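# When you get a sec, could you give me coordinates for this:
(one chain, ligands or ions: 1)
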Amino acid sequence: MTSTASPLSLYLHIPFCQTKCTYCAFNTYTNLNALIEPFVEALIREVEIVAGSKSNATLGTIFFGGGTPSLLNPRQIESILKSIYRCFVVLPDAEISLEANPNDLDYSYLAELRVLGINRLSIGMQTAHGNELVLFARRHSNDMVVRAVTAARRAGFDNLNLDLIYGFPHQTLGSWESSLCQMLALRPEHTSLYALGLEAGTPMAAWVARGRLPCPDDDLTADMYELATTVLARAGYSQYEISNWSRPGYTSRHNLQYWRNLPYIGLGPGAHGFADGIRYSTLLAPQRYIKVMESESSHHDFPCTPATEHAVMVDRAGEIAETLMMGLRLTQEGIRRRTFFQRFGVDVLELHAPLIERFVGYELLYVDDEVIRLTQRGRLLSNVVFRELI
Ligand code: SF4
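Here you go, the predicted structure:
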């Protein structure tokens, strides 16, 4: 079952945003800045509780995600980090990432983050075009992204991720190529490219449903993905996951933990976690989160805390299915047959022999003695493969 040899990862969900982007369905809230201070105290309490139920737990990565973690001031980030270092064993080379909005990032803020030990910054660029940023109701301009990256470099960040979105209404292949090129001109170490998902409850989904915006074109979205694959390869980036590319040595260690289906703790409202065979999520509302963390003192078994709302024990079949689905997202590593055998005591090929043979015949999967992974064609049709395999 789950390897206990590898260190844990820690995800901290910061559920505040200054404004809500039109495509976003994450658990984030606006106009709640007054809650940030009590939230930080509650989060520290949750760190202490979860670490208290697992002695000597070791962390290999820490990720401040959201939401907009860059709304926290350096003192608040410092107090959270101090509690983590007090309660866990943190590896000396731990990857410590923070997601940020470009308009929150000036040199003095970034320099303080760097001193605190944040060593990877993930900046939400989304597009290089002003009209598209307006469609998304983003708070920043492309100039702000350029200034943020310049300031981050000056502050000593040598591991930057830039996110872009593609496949949204009115976007053309030309505007996508231009966003890609402007992003690449900033020379990030890592980039994540996300196809827009029309999430229920978002303004973007409502506009498309009412015909105010055209429905994204699947064929055009596939063309955009292929274009990105070519442009990024030419620029020296290596694709290691369906939506992620990096320069050599800069894969996201935190996200690799998810895709390898290895254990991670999720803290904060709306966070998810998977540890000791339990997959769980925490309650959503920040107000309730703060209240619960203030009042509850009863003991909880790791990895649960007073904020845990749903928790299920993942059985062997479930863990195998999740490991297959997430491992196949890793476009180079795929699923290592030996690692899979060591974990589950069975060769992955024996589990789904006829199906895998069929997908190999369709050139959607590649298999050799060591690995099973998606082909280039399989990456475009990954949903079909996942649906049938799981
Ligand atoms: S900043 Fe990020 S988390 Fe906040 S609303 Fe926009 S996309 Fe969602």
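# how near is whichever residue of the stretch 251-390 of the chain sits closest to the ligand to Lys20?
Using CB to the nearest ligand atom, the closest approach of the stretch 251-390 of the chain to the ligand is made by Gly270 at 10.8 Å. The C-beta positions use only the backbone N, C-alpha and C, and glycine is treated the same way. Counting by CB to CB, to the nearest Å, the gap from Gly270 to Lys20 is 14 Å.
# These two: which is more packed in?
Gly270 (22 against 16; other CB atoms under 10 Å).
# Ala94 is in contact with Gly60, isn't it?
Yes - with contact defined as CB atoms under 8 Å, Ala94 counts as touching Gly60 (5.9 Å).
# count of neighbours near Arg343?
19.
# Also the one 10 residues further on?
Applying other CB under 10 Å, we find 11 other residues in the vicinity of Ala353.
# tell me the contacts of the nearest residue to Ala311 once chain neighbours are set aside?
Closest residue in space to Ala311, ignoring its immediate chain neighbours: Tyr280 at 3.9 Å, by CB to CB, 6 or more residues apart in numbering. Residues in contact with Tyr280 (CB atoms under 8 Å, 6 or more residues apart in numbering) are 266, 272-274, 303-304, 308, 310-312.
# on that earlier part again, so the residue of the stretch 251-390 of the chain closest to the ligand: helix, strand or coil?
Following DSSP: H, G, I helix; E, B strand; the rest coil, we place Gly270 in the coil state.
# The residue nearest to it when sequence neighbours are not counted in helix, strand or coil?
What sits nearest to Gly270 in space, not counting adjacent residues and going by CB to CB, 6+ apart, is Asn27, at 3.1 Å. With three-state DSSP as the basis, Asn27 sits in coil.
# Just confirm Asn27 contacts Leu284, I think it does.
Yes - in this structure Asn27 lies within contact range of Leu284 using CB under 8 Å: 5.3 Å.
# Can you pick out the residue with more neighbours from these two?
Asn27 (19 against 16).
# Let me see the contact set for that one.
13, 15, 67, 269-270, 284.
# do you know how far it is from the ligand?
Using CB to the nearest ligand atom, to the nearest Å, Asn27 is found at 9 Å from the ligand.
# so how many other residues sit close to Asp219?
Neighbour tally, Asp219, other CB under 10 Å: 7.
# helix/strand/coil for it?
Applying three-state DSSP: Asp219 is helix.
# just to revisit the earlier point, common neighbours of Asn27 and Leu284, please.
Joint contacts of Asn27 and Leu284 (CB under 8 Å, 6+ apart) are 269-270.
# Is Cys215 in a helix, a strand, or coil?
Here Cys215 is recorded as coil under three-state DSSP.
# Phe39 sits in which helix or strand?
Per DSSP states H and E: Phe39 is located in helix 36-52.
# I'd say Val208 and Ala200 touch.
No - if you go by CB under 8 Å, Val208 and Ala200 don't touch, sitting 11.4 Å apart.
# Counting neighbours, go ahead and name the busier of these two.
Neighbour comparison, Val208 and Ala200: the larger count goes to Val208, with 18 against 9 (by other CB under 10 Å).
# What separation do you get for that one and Tyr194?
Taking CB to CB, one finds Val208 at 17 Å from Tyr194.
# Equivalent analysis for Val346, please.
For Val346, the distance to Tyr194 - CB to CB - is 34 Å.
# Also Ala111?
Using CB to CB, one gets 29 Å for the distance from Ala111 to Tyr194.
# between the two, who's got more neighbours?
A count of neighbours by other CB under 10 Å puts Ala111 above the other of Ala111 and Tyr194, at 17 against 14.
# ok, the more buried one - contacts?
Contacts of Ala111 by CB under 8 Å, 6+ apart are 155-156.
# again, but for Cys24
With CB under 8 Å, 6+ apart, Cys24 has these contacts: 17, 199, 202.
# Backbone dihedrals for it, please?
phi -90, psi 130 (degrees, to the nearest 10).
# now swap in Asp315 and tell me
Torsion angles, degrees, to the nearest 10, at Asp315: phi -80, psi 180.
# so where's this protein uncertain?
Residues of the chain that meet the criterion pLDDT under 70 lie in 1-5, 296.
# Near the ligand, which residues of it? Just list them.
Counting by CB under 6 Å from any ligand atom, the chain comes close to the ligand at 17, 20-21, 24, 26, 28, 66-68, 101, 124.
# which outside residues touch stretch 357-369?
By CB under 8 Å, 6+ apart, stretch 357-369 touches 334, 337, 349, 356, 372-375, 377-378, 381, 384-385, 388.
# Straight-line length of stretch 266-274, end to end?
Terminal residues of stretch 266-274 lie 8 Å apart, using CA to CA, to the nearest Å.
# I meant to write stretch 12-19 there.
Stretch 12-19 has an end-to-end distance of 20 Å (CA to CA).
# buried residues in it?
If you call a residue buried by 16 or more other CB atoms under 10 Å, then stretch 12-19 has these buried ones: 12-17.
# Among those residues, which lie within strands?
12-14 (DSSP state E).
# ok, now which ones touch the spatially closest residue to Ala195 that is not a sequence neighbour?
Among residues not flanking Ala195 along the chain, Gly167 sits closest, at 4.4 Å (CB to CB, 6+ apart). Residues in contact with Gly167 (CB under 8 Å, 6+ apart) are 195-196, 216-217, 220-221, 224-225.
# that older thread, next one: the residue of the stretch 251-390 of the chain closest to the ligand from Tyr11, what distance?
Counting by CB to CB, the gap from Gly270 to Tyr11 is 11 Å.
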